[in-house]
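Trainee: Build me a structure from this.
(chains A and B)
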2 protein chains.
Amino acid sequence: MSEAIKFLDPRPSVLSRRKDIIADLIDLLPPEALVHEARELVPFETDAFVAYRRVPLAVALPQTTAEVAAVMKYSHRYGIPVVPRGAGTSLSGGAIPQEDAVVLGLSRMTRILDIDYANRTATVQAGVTNLSISDAVSADGYFYAPDPSSQLACTIGGNIGMNSGGAHCLKYGVTTNNLLGVKMVLVDGTVIELGGKYLDAAGYDLLGLVCGSEGQLGIVTEATVRLIAKPKGARPVLFGFETSEEAGACVADVIAAGIIPVAIEFMDKPAIEICEAFAKAGYPLDVGALLIVEVEGSEAEMDATLASIVEIARRHGVKTVRECQSATEAALIWKGRKSAFGATGRISDYICMDGTVPLSQLSYVLKKTSEIIDRFGLRVANVFHAGDGNMHPLILFNANDPEDAARAEAAGNEILKLCVDAGGCLTGEHGVGIEKRDLMRHQYSEADLAQQMAVRAAFDPQWILNPSKVFPLEGRNAA
Amino acid sequence: MSEAIKFLDPRPSVLSRRKDIIADLIDLLPPEALVHEARELVPFETDAFVAYRRVPLAVALPQTTAEVAAVMKYSHRYGIPVVPRGAGTSLSGGAIPQEDAVVLGLSRMTRILDIDYANRTATVQAGVTNLSISDAVSADGYFYAPDPSSQLACTIGGNIGMNSGGAHCLKYGVTTNNLLGVKMVLVDGTVIELGGKYLDAAGYDLLGLVCGSEGQLGIVTEATVRLIAKPKGARPVLFGFETSEEAGACVADVIAAGIIPVAIEFMDKPAIEICEAFAKAGYPLDVGALLIVEVEGSEAEMDATLASIVEIARRHGVKTVRECQSATEAALIWKGRKSAFGATGRISDYICMDGTVPLSQLSYVLKKTSEIIDRFGLRVANVFHAGDGNMHPLILFNANDPEDAARAEAAGNEILKLCVDAGGCLTGEHGVGIEKRDLMRHQYSEADLAQQMAVRAAFDPQWILNPSKVFPLEGRNAA
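Mentor: The predicted model follows:
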C-alpha cells in the first residue's frame, strides 16, 4: 500500500509539547493506565488492517468512565487528537493511531455491570469482549446475537463503533439492532446517557447515530445490549452448487420468498479449500460454491423451513444437500467458516473487502468481481454473509511485491465501486476507517458528505476524535 | 389545556411580510399547490392532538421533490418557519402549525414509485398512506409491517417523522427497523439521499437519525421500506385475567422467556367495555384485563408457540383462553383493538399517554397509574402494546371544564414521569411534539439536550423546521 499522505498533518502545537502532555497525563491517570515509553507504544501502532503504521504520542488505558472523562477533558482543552481503540481488530484501519494522538484504549474496562433477565438485557463496560457477554449468560439459556468472526477478541465498544455484524445477524440484526443504551463521554469530558432498557427513545435517535460512528462522536464507556433466548434447536445445513452464480441466485430467491433463516453464509471454491484444509469441517470439495444455511426452532419448525429452502435450491440445480448430524459436526462447520480469514492469512497476504449489495444483484456482482480479479491477474476467495448481501472478497496478493500490493488495492477499489454502482454500499460491518474514506466520494454526493461532517462538528468542532478516518482528507487539513 | 405561551414568538420579519410571502409562493408553486385564503387554512390549524390551534400563514401542497425543494429554498432565504404535515394524525401535536409558519403538506405526494419483490422493497412518495403500501402488495403475498391504529389515514412521511409503531411491531420492529432509505430535502433546498436497498450504510447512520426527528432535520419526500412476506397463518388468541397486574406480569414473563409473538396487546376493563360496545369483537366482559396475543406461522408453529404462552399464563392465573375460530373473528378482534381511540372518543374527551417502560416494571407502573388517576378523581382506560412495554393510558376528562382538563394534563405528566423514573421513556411511538417537550427535562440532562440541539443546529441553524416542537421553549426564543 502506498504511504503517501494518509493522515491529517500532525498538529505542531501537540508535537512540540509532547513531554508536557505526557507529564500531564501521568498526573491525571493511575500509573498502570498510561503507556508512553517508545518500545511499549509499538503494539498500538496499527490494527488488523496493518497497511499503515504510526506510533502514537501515548496510550491511555483507563478503567472507569471518570478516567476516560479526565483524558477527554484534558485533550479537548489542548486540541490533542484522540484515537479510541478496543481490541485493535479493525479490518478497515479504524484504530490506527497518528503520531500526534493519544490512543484511548478501552481494553481494561472489562466489567460486566448488570445481567437483567427480566428485561433480557446485559450492561457491560466497553472493553468487554463480544463473546464474553454470551459466555456470561449461556448457562441460563441466553446469548448476545451479533457474532463477528473476531468475537473472541473484539470488544463491544469496537462493535458499537463499527456497527459490527456476523454470520447470525441475518435473523437477529447487527449491533445497532441489539443495542439499547450507552454511557458516552463527549469530546469535552461531559458524560451523557443515550437509550435504556426500553423500546425507542424520546427526542432524536442519537443512540442509532453513535452506533457505527467510528469513535468520532464520543467515547462509549458502557453499553446495555439485548439478550436473546437460545432457540430450542439449531442446525446448519450445507448446500453445494456447481457455480457461484447459482448459489447467489438461490440466496436471492430464498430471501425474496420471505424465508429468514438464522444465517446464510457463502463460500466459493477457493474459500472452501482454504477453510477445509485448516478446520477439517467436512465441507464438500467437489462443488463450485457452498452455502451454510442455519435453521433453528423446534424439530418441526426446522424441518418446515428447511423443506422450503431445499425446494428453492433444487430450482437452482443444487448438487449436494447435507444436514449436520451432531452438535460436534455443527461446531466444526461454524469453526471452518469463522476461521476463514485466519486460514487465508496462513497461505497468503490478503485484503478483505466489505461491500454490500441488494440481493437481486448478488450473482451479477460475483461474476463481475471475478472478471475484475482476472483482469488484474490476482486471485480471490469469496466467503461472506450472503443473506445480508454483505460480500467479503478476500483479494490474495504478495505484500513483499509493491506492484502486486498496488494491483490488489486497485482491484479492491474497483470491486467496492461495483457494489455501489449495483445499488449497494461500501461497507456492511467493517466500517470505513482509513481504508475506504476516499471511496466515500463514490458513494455520496458533496451535499451528503457535508451534512455528515456537519453532524460530526456538532459533537467535535475541533475534529480531534479519530480525526483521519471516515471522510476524505482533502479540505480538512485546515480543521 | 392552558393556552399560555406555547409557541416560539412569531417572527416579526415574517408576519410583516405576509402578503409578499404569499405572492412569492404563488409564483413558486402551481395554483392547486398553495392554500392561503383564511377559511381554507382552518383545516390545518391543528392535528389529532387538538389541544392547541394556530392558523398558519399559508399551506403548500407540493406534488414533487422539486416543489418541496423550491419551498424550502425560499423559506430558508427569508427565515420563514416551516411545519411539515402528513395526514395530521399526530397525537402529540407534531403537526400543529404556528401563525408565522408555512405548513408543508405532503398529502398530495401519493405515488408508489417502485415495488421490487426481488429485494423485498417498496419505494413511495412521502404522502402515501401506511395501509396503501400493504394494499399494493397484498395480492402478491407481502405487507408493510408497522401498523399504527391510524394506518388508514396516516402517511409514511409522518410515520418516519414520529418513528411510528403499531400492534404488530413486537415481532417486526417499528418504523426505523423497516426503513431502508429516504430522499430528503435539506433546510436550504438541497436534496440528499440516505440509505438504499441494502443493509447498513457507510459513514454515519443519518437515516436512523432522521427517523423520529419530527420533521426538524429536513423534509422526507420519498421512502424505501422493507416488505415482509405474509406468514402461512396468523391467529389472535384472547387471554382474560382477573387483574391488570396479573396480565402485566404474564406479558413480562412471556418476553423474558424469549418468546416473541407477533403482537401482545393489553386492555383493561374500561377499555374492553368501550371497544366491545363499539366493535362487537366478542371480547370477554367478565375479566379485569385482556391480552390479545397473535401467533403466526404454520399450524404446528402456532400450536407450539401458543402452548408455551398458555403455560406461562396459567402460572399467572389466567381465567379465559379463547382461540379465534375464523378469519372473520380475527378481523373483528383486531378491529376492536384498532378502534380503541375512536371508540373512546365517542364517550368522552381523552388524552392519550405514550410512555414506555422496561417490561419488568409493567405491573408496577399499571398499579401506580391507577393510584395517580384515583388521586386526581379521573377515569382511565388502558389499551396498549404490552409486549413492547409501550403503554397508552387514555385519561378521560371533560374538555368543557377547564379544571378537569388541567387535572387530566397534570395526571398525564405524573404518569409520564413515573414511566421515566421506572427506567423507561416519555414516548414509544407518538413522538414528543408539543405535548411532551417540557417533560424532556425530566428524561434528559442539560448535556443530553444540548447535544441533541447541537445536532439539530447542524441541519437547521436558523431553527425554522417545526420550530416549537420536541425541545423545551425556554432559551430558544432568541434562536
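Trainee: Name the residues of stretch A:291-307 that are buried.
Mentor: Neighbour-count burial for stretch A:291-307, counted by 16 or more other CB atoms under 10 Å in any protein chain shown, picks out A:291, A:292, A:293, A:294, A:295, A:296, A:297, A:301, A:302, A:304, A:305, A:306. All C-beta spots, glycine's among them, are computed from the backbone N, C-alpha and C.
Trainee: from the stretch 51-200 of chain A, which residue is nearest to chain B?
Mentor: Closest contact between the stretch 51-200 of chain A and chain B, by CB to the nearest CB, is at residue A:118 (3.7 Å).
Trainee: and the residue nearest to that residue when sequence neighbours are not counted, how many neighbours?
Mentor: Nearest non-adjacent residue to residue A:118, counting by CB to CB, 6 or more residues apart in numbering or on different chains: residue B:360, 3.7 Å away. Residues lying near residue B:360 (other CB atoms under 10 Å in any protein chain shown) number 23.
Trainee: out of the buried residues of stretch A:291-307, which touch chain B?
Mentor: Applying CB under 8 Å from any CB of the partner chain to the buried residues of stretch A:291-307, one finds that A:297, A:301, A:304 fall near chain B.
Trainee: contacting residues for the second one?
Mentor: So that's residue A:301. By CB atoms under 8 Å, 6 or more residues apart in numbering or on different chains, the residues touching residue A:301 are A:295, B:297, B:298, B:300, B:301, B:304.
Trainee: And the nearest residue to residue A:243 once chain neighbours are set aside, how far from residue B:236?
Mentor: Among residues not flanking residue A:243 along the chain, residue A:288 sits closest, at 4.9 Å (CB to CB, 6+ apart). Distance, residue A:288 to residue B:236, by CB to CB, to the nearest Å: 47 Å.
Trainee: Those two: which has the busier surroundings?
Mentor: Neighbour comparison, residue A:288 and residue B:236: the larger count goes to residue B:236, with 25 against 16 (by other CB under 10 Å).
Trainee: In contact with the more buried one, which residues are there?
Mentor: Per CB under 8 Å, 6+ apart, neighbours of residue B:236: B:263, B:292, B:293, B:294, B:324, B:330, B:333, B:334.
Trainee: wait, isn't the residue of the stretch 51-200 of chain A closest to chain B in contact with residue B:357?
Mentor: No: with contact defined as CB atoms under 8 Å, residue A:118 does not count as touching residue B:357 (11.9 Å).
Trainee: Compare those two and say which is more crowded by neighbours.
Mentor: Taking other CB under 10 Å, residue A:118 and residue B:357 do not tie; residue B:357 has more neighbours (28 against 14).
Trainee: hang on, the earlier thing: need the ones next to chain B among the buried residues of stretch A:291-307 in a markdown table with secondary structure and distance to residue A:203, can you?
Mentor: Conversion of these to a markdown table gives the following (DSSP: H, G, I helix; E, B strand; the rest coil; distance: CB to CB, whole Å):
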| residue | secondary structure | distance to residue A:203 |
| --- | --- | --- |
| A:297 | coil | 38 |
| A:301 | helix | 39 |
| A:304 | helix | 43 |
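Trainee: What lies in contact with stretch A:291-298?
Mentor: With CB under 8 Å, 6+ apart as the test, stretch A:291-298 has contacts from A:167-168, A:171, A:231-239, A:241, A:247, A:250-251, A:254, A:261-267, A:301-302, A:305-306, A:309, A:313, A:333-334, A:337, A:386, B:301, B:304.
Trainee: and it, how far from the chain's centre?
Mentor: 23 Å (CA atoms, centre = their mean, to the nearest Å).
Trainee: Just the C-alphas of it, formatted as PDB.
Mentor: Taking C-alpha atoms only, stretch A:291-298 is exported to PDB below (Å, rounded to 0.1, in the frame of the first residue of the first chain):
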ATOM      1  CA  LEU A 291     -24.000 -22.200   1.300                       C
ATOM      2  CA  ILE A 292     -24.100 -22.800   5.000                       C
ATOM      3  CA  VAL A 293     -27.700 -22.300   6.000                       C
ATOM      4  CA  GLU A 294     -28.600 -22.400   9.600                       C
ATOM      5  CA  VAL A 295     -32.300 -23.000  10.600                       C
ATOM      6  CA  GLU A 296     -33.500 -23.000  14.200                       C
ATOM      7  CA  GLY A 297     -36.500 -23.700  16.400                       C
ATOM      8  CA  SER A 298     -38.300 -26.900  17.200                       C
END
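Trainee: mind listing what the closest residue to residue A:424 other than its chain neighbours touches?
Mentor: Using CB to CB, 6+ apart and skipping the chain neighbours, the partner closest in space to residue A:424 is residue A:357 (3.6 Å). Residues near residue A:357 by CB under 8 Å, 6+ apart: A:365, A:389, A:391, A:419, A:422, A:423, A:424, B:198.
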